[in-house]
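Asker: pasting the sequence and the predicted model now:
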Amino acid sequence: MRFMIIVRSMPEFEAEPTPMPDAALMAAMARYHEELALAGVLLDANGLQPSRLGWRIHYDAAGRHLIDGPFAETKELIAGYTLIQVRSRDEALEWSRRFPNPVGEGQPAVIEVRQLFELDDFPPGDQVERFRELTTFRPAIRSSASANWTSASSSPDPPIPAQATVMIRQLFVNLPIRDMARTKAFFSALGFSFNPRFTNDQGACLVINDSISAMLLVEPFFQGFTRLPLVDARQATEVLLALSCDSREEVSALVAKAVAAGATTPNQPKDMGFMVQHGFADLDGHQWEVFWMDENAAPAQL
């Protein structure tokens, strides 16, 4: 069962310049969503830009009409959402009760929770099965998107290449760090970005892709999540983080950027024909194994 926790907008969310949440609220949101992720129920979460940066499409007998924001009906707008997948309505209700006040404790605010339709809720039919196939074969759809567009370009109203929405379970890797400013500068130099909604002076959400993030937490804050002593990754191996690349060249380029930003390379690169592997140790000693692999050329049994 999937539920969307909707944060209703307020006048301050529409203000210009857009106000940013304070550190206490960011920390509360980060802790809550980390708990969701650790429980395996978090599917997606995002804040929305103010309505002045958006638009609406109105439909009527004359056709479609574009209307640019902003929109005055603040109470009808959405400021953000969190999507969860749970076993029951009661479980969703319990998680929603723990959602941090989106504007800060003690302030008036509203969140709304709505259950999503599942394909099994609809009567069986060919169109339902078409949607089911889309959710099953999303990678193939993405790879053939350009071909789909080309083949349909002769249509007077060519369709946008389909990318079915699949709710993928997210993974948040948590790593202790010593210096927040140096760490953010290091990963920024590698071309990565941070999710500002879950980044403050205690932790930074490093975005790896749509479903994988690394929570980089300063050591005192990280220690609050475990009773065990922290591992100094410069002295002992705690974990190996394997990060795939799209090409051989990207492997070399990413390692080179890391070294230029202050990383070290614990091992020599390996070229096995079907796979290239190299890696680097970041400023805190965490070891990132960077690789490219041609799965079609890989041996049947490694």
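Answerer: It's in.
Asker: all strands of the stretch 201-302 of the chain, in order?
Answerer: 203-207, 212-218, 240-244, 270-271, 275-281, 287-293 (DSSP state E, counting those that start in this stretch).
Asker: go on, the stretch 51-200 of the chain?
Answerer: 55-60, 63-68, 78-85, 111-115, 171-177, 193-194.
Asker: how far out from the middle of the chain is stretch 109-128?
Answerer: What separates the centre of stretch 109-128 from the centre of its chain is 22 Å, taken as CA atoms, centre = their mean, to the nearest Å.
Asker: no no, stretch 240-253
Answerer: On CA atoms, centre = their mean, the centre of stretch 240-253 falls 20 Å from that of its chain.
Asker: tell me how far the ends of it are from each other?
Answerer: Terminal residues of stretch 240-253 are spaced 20 Å apart (CA to CA, to the nearest Å).
Asker: what comes into contact with that stretch?
Answerer: 173, 208, 214, 254, 269, 276-278, 286-293 (CB atoms under 8 Å, 6 or more residues apart in numbering). Just so you know, the C-beta spots here come from the backbone N, C-alpha and C atoms, and that holds for glycine as well.
Asker: nearest to Ala189 among those?
Answerer: Nearest to Ala189 out of the contacts of stretch 240-253 is Leu254 (CB to CB; 10.8 Å).
Asker: burial count for the residue lying closest to the closest one once chain neighbours are set aside?
Answerer: Of all residues not flanking Leu254 in the chain, Val290 sits nearest, at 5.5 Å (CB to CB, 6 or more residues apart in numbering). The local packing of Val290 (other CB atoms under 10 Å) involves 22 other residues.
Asker: give the contact list for the residue nearest to Asp22 when sequence neighbours are not counted.
Answerer: Spatial nearest neighbour of Asp22, chain neighbours left out: Gly104 (7.1 Å); criterion: CB to CB, 6+ apart. Residues counted as contacts of Gly104 (CB under 8 Å, 6+ apart) are 21-22, 24-25.
Asker: now Ala23
Answerer: Contacts of Ala23 (CB under 8 Å, 6+ apart): 200-202.
Asker: quick one: buried ones out of those residues?
Answerer: 200, 202 (16 or more other CB atoms under 10 Å).
Asker: give me phi/psi at Asp44?
Answerer: Dihedral pair for Asp44: phi -170, psi 160, per degrees, to the nearest 10.
Asker: in the sheet, who's paired with it?
Answerer: Leu83 (DSSP bridges).
Asker: if we can go back for a sec, quick check: which of the strands of the stretch 201-302 of the chain is nearest to Glu35?
Answerer: Of these, nearest to Glu35 by CB to CB is strand 212-218, at 11.9 Å.
Asker: name the helices or strands packed onto that closest one?
Answerer: Contacts defined by 3 or more CB pairs under 8 Å, 6 or more residues apart in numbering; DSSP states H and E place strand 212-218 against strand 171-177, helix 180-189, strand 203-207.
Asker: look at Phe221 and say how many residues are nearby.
Answerer: Neighbours around Phe221, by other CB under 10 Å: 19.
Asker: ugh, wrong one, I meant Asn267
Answerer: With other CB under 10 Å as criterion, Asn267 counts 12.
Asker: okay, the residue nearest to it when sequence neighbours are not counted and Asn296: tell me how far apart.
Answerer: Spatially, and ignoring its direct neighbours in sequence, Asn267 is nearest to Gly279 (6.2 Å; CB to CB, 6+ apart). According to CB to CB, to the nearest Å, Gly279 and Asn296 sit 24 Å apart.
Asker: with neighbour numbers in mind, choose between the two.
Answerer: Taking other CB under 10 Å, Gly279 and Asn296 do not tie; Gly279 has more neighbours (25 against 6).
Asker: residues contacting the more buried one?
Answerer: Contact partners of Gly279, counting by CB under 8 Å, 6+ apart, are 255, 265-267, 287-290.
Asker: now the buried members of these.
Answerer: Buried among the contacts of Gly279 by 16+ other CB under 10 Å: 255, 287-288, 290.
Asker: right, and the strands of the stretch 51-200 of the chain - which one's nearest Phe13?
Answerer: strand 78-85 (4.7 Å).
Asker: buried sites along that closest one?
Answerer: 79-85.
Asker: JSON lines for those residues, including distance to Glu12 and pLDDT?
Answerer: JSON lines is the format used below for those (distance: CB to CB, whole Å; pLDDT from 0 to 100):
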{"residue": "Ala79", "distance to Glu12": "10", "pLDDT": "87"}
{"residue": "Gly80", "distance to Glu12": "13", "pLDDT": "91"}
{"residue": "Tyr81", "distance to Glu12": "18", "pLDDT": "94"}
{"residue": "Thr82", "distance to Glu12": "20", "pLDDT": "95"}
{"residue": "Leu83", "distance to Glu12": "24", "pLDDT": "95"}
{"residue": "Ile84", "distance to Glu12": "26", "pLDDT": "94"}
{"residue": "Gln85", "distance to Glu12": "31", "pLDDT": "91"}
